[in-house]
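Undergrad: Sharing a model prediction with you, sequence too.
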Amino acid sequence: MTIRYAIRPADPGAHLFHVTVAVDRPDPEGQRFTLPAWNPGSYMIREFARHIVRLTALAGQRKLRVEKLDKHTWRCGPTEEEVTLAYEVYAFDLSVRAAYLDPEQALFNGAALFLAPLGRERDDCRLDIFPPAGARAGSWRLITGLAPARGTRAGECGTYLARDYEELIDCPVQMGRFAHLRFDVLGAPHEIAIAGRVARLDLNRLQADLTRLCEAHVRLFEPRRPQPPFERYAFLTLAVDDGYGGLEHRNSSALICRRDDLPYTGMKESTEGYRRFLGLVSHEYFHVWNVKRIRPQAFVPYDLARENYTRLLWVFEGFTAYYDDLMLARTGLMSRVQYLEALGRTLSTVMQRSARLKQTLAESSFDAWIKYYRQDENAPNSVVSYYQKGALVALALDLSIRHESGGRRSLDDLMRWLWRQWRAAGDSYQGVGEDAIVEALSQSTGLDLARSVRAWTEGTRDPDFATLLQTVGIRLQRKLALETPHFALLGLQLQGGARSDALIGQVFDGGPAQQAGLSAGDVLVALDDLRVTPARLDALLARYTPGDAVQVLAFRREELHRFDVRLARQAPPRFVLEVDDKASDTAKRRHDAWCGERRN
């Protein structure tokens, strides 16, 4: 039996989709329908049902009573006839997580739009996608990971198929006008669509770089017989003035990037922005294996009605964050110097924040639903990133494995071992148990790393990065972060742009601002009787030396307050990684095997 869905951009100006779902042989006691509360890969309850504007039901041609049972579940009255639900959804979330529609484009995740008929989630699904009415209809195209039905040409509106509800909502759809590119990776067709205007976009460079990058990912997991675990892949990309983010899916990813980060015709050297975009692509593509197929046990299967708790996001997101830039370095899309600079920035960010001494990686993973995705002004002092610190733990494990195995094993072997477990299990796959990583490391490398893993993930101990990096010929230097004086000398971070008020966004633990009594939400107006603006603050502070006393004027709830601040005597640390020219030949060889050459 097939569940039939249809979606139309009914009123793009009002950001309204019209959706229907038809179920034959409904539950005789009253067919229930539910909408997911969250989207896999984005670990926060988002309550998509709140965007449903109105909903009606039909049994054949007659109207059917509908009762709402809870925040995202409806039940139709009993009937033996086919039941069709028709509803409108407001779509104005310009992100990769939900649904967006305007007169120029649409980008939607099925989790935000398609009601699931309870008890029928394993049935085949058919989705009819209609264009908007009027003149726009002829120029709108689409891209999705869903397979077109016979009679529908890929890239056009028509009928698309999914094996079940999970596949239906795991294949987002992008519609509108966009630049488009097709390329093959080891026999599998890939495509990328870029919506949003980009001056002189260099599609040829994108094709060459994405082909090289995607092939390297496939070869990492399948070194002997490299073959992607999907028939086709699609990158759905939205270029905006200022934005960044991605969400992984089984054979596609949704991406948002700055238009200035994309390559342009005549660009000779890769820019930092372009490397940032390639890193985003690399991250989401690595997820094809790590989290979309290799999953924590808590995600097998997903329960989309409530939180799915796991203490392992440091593996599934942190390891992915480690490999995203590492794969750029291995493929030459990022130089070794650029890679070490990126690692240094991550290390500096994590080590400068006191949260790493309060919250473990396992706790950060478990509490993602209420902390990481709901950060407030105190987050740097209380929430450690399982992305960034998880990536650093992955680095520490990789270097430890390479050193202790004499260069014979690496973290790559763990990833391949986990991949083989998924492939061998097939439909009986149970996921990675909460305590299974230590044993998986032992099985894949022959090493006992239990003490280190527990200390770094269940405790707050920092790995000895200086010693570990020396094993691959890298010298770790600790310098003082003086590039942004307001951060280094005051211990705070401003919020907003250069033209706005000097609004304090965050105050860091133990810093001069916190000790003097300044708080997030205060507006700085003067420093030693000189006016403060976001553009002038660092220039003013550059005239002072560490340890100086200054008087700060700030508004708090429209009341003027005076604060006596003693500038920090020592700036927070900044870490710089450099190649050690005096490293041993063994260290140099391991350096090449680690980030300089693809190692099968």
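TA: Alright, I've got the coordinates. Numbering: from 1, shown residues only.

Undergrad: Need the nearest residue in space to F130, chain neighbours excluded.
TA: R8 (4.0 Å; Cβ to Cβ, 6 or more residues apart in numbering). Bear in mind the C-beta positions are built from the backbone N, C-alpha and C, glycine included.

Undergrad: Look up the residues forming beta bridges with that neighbour.
TA: Assessed by DSSP bridges, R8 has beta-bridge partners H18.

Undergrad: And it, how far from R50?
TA: 21 Å (Cβ to Cβ, to the nearest Å).

Undergrad: before we move on, what about P172?
TA: 20 Å.

Undergrad: for P36, same thing?
TA: With Cβ to Cβ as the criterion, P36 and R50 are 12 Å apart.

Undergrad: more neighbours, those two?
TA: P36 (26 against 10; other Cβ atoms under 10 Å).

Undergrad: Nearest spatial neighbour of that one, chain-adjacent residues omitted?
TA: L304 (3.7 Å).

Undergrad: What's the local residue count around the one you found?
TA: With other Cβ under 10 Å as criterion, L304 counts 21.

Undergrad: do the same with W314
TA: 28.

Undergrad: Confirm it sits in a helix?
TA: Yes: W314 sits within a helix when classified using DSSP: H, G, I helix; E, B strand; the rest coil.

Undergrad: and the nearest residue to it once chain neighbours are set aside, what does it touch?
TA: Leaving aside its sequence neighbours, W314 sits nearest to G390 (Cβ to Cβ, 6+ apart; 3.6 Å). Neighbour list for G390: 313-315, 317-319, 321-322, 361 [criterion: Cβ atoms under 8 Å, 6 or more residues apart in numbering].

Undergrad: quick one: which helix or strand includes R25?
TA: R25 belongs to no helix or strand when assigned by DSSP states H and E.

Undergrad: do you know how far it is from T2?
TA: Counting by Cβ to Cβ - R25 and T2 are separated by 11 Å.

Undergrad: Also F575?
TA: Applying Cβ to Cβ, the value for F575 to T2 is 56 Å.

Undergrad: got it, and E404?
TA: Remark: distance between E404 and T2 (Cβ to Cβ) = 54 Å.

Undergrad: quick one: low-confidence ranges for the stretch 401-550 of the chain?
TA: Scanning the stretch 401-550 of the chain with the threshold set as pLDDT under 70 gives 482, 497-499.

Undergrad: what sits against the spatially most central residue of the chain?
TA: The centroid of the chain falls nearest to G246 when counting by Cα atoms, centre = their mean (4.7 Å). By Cβ under 8 Å, 6+ apart, the residues touching G246 are 96, 253-256, 280-281, 283-284.

Undergrad: Check S42 too.
TA: 96-97, 247, 373.

Undergrad: Now restrict those residues to buried residues only.
TA: Listed as buried from the contacts of S42 are 96-97, 247; burial here means 16 or more other Cβ atoms under 10 Å.

Undergrad: Can I get the residues you listed in a markdown table including secondary structure?
TA: A markdown table is the format used below for the buried ones among the contacts of S42 (three-state DSSP):
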| residue | secondary structure |
| --- | --- |
| V96 | coil |
| R97 | coil |
| L247 | strand |
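
Undergrad: and which of these is nearest to V66?
TA: Set against V66, the nearest of the buried ones among the contacts of S42 by Cβ to Cβ is R97 (27.2 Å).

Undergrad: wait, I194 sits on V240?
TA: No: applying Cβ atoms under 8 Å as the test, I194 and V240 come out as separate, 11.0 Å apart.

Undergrad: ok, the two, which is more surrounded?
TA: More crowded of I194 and V240, by other Cβ under 10 Å: I194, with 23 against 13.

Undergrad: packing partners for the helix or strand encompassing the more buried one?
TA: I194 is part of strand 188-195 when elements are defined by DSSP H and E. Packing partners of strand 188-195 (3 or more Cβ pairs under 8 Å, 6 or more residues apart in numbering; DSSP states H and E): strand 141-144, strand 173-176, strand 179-185, helix 203-221, strand 233-240.
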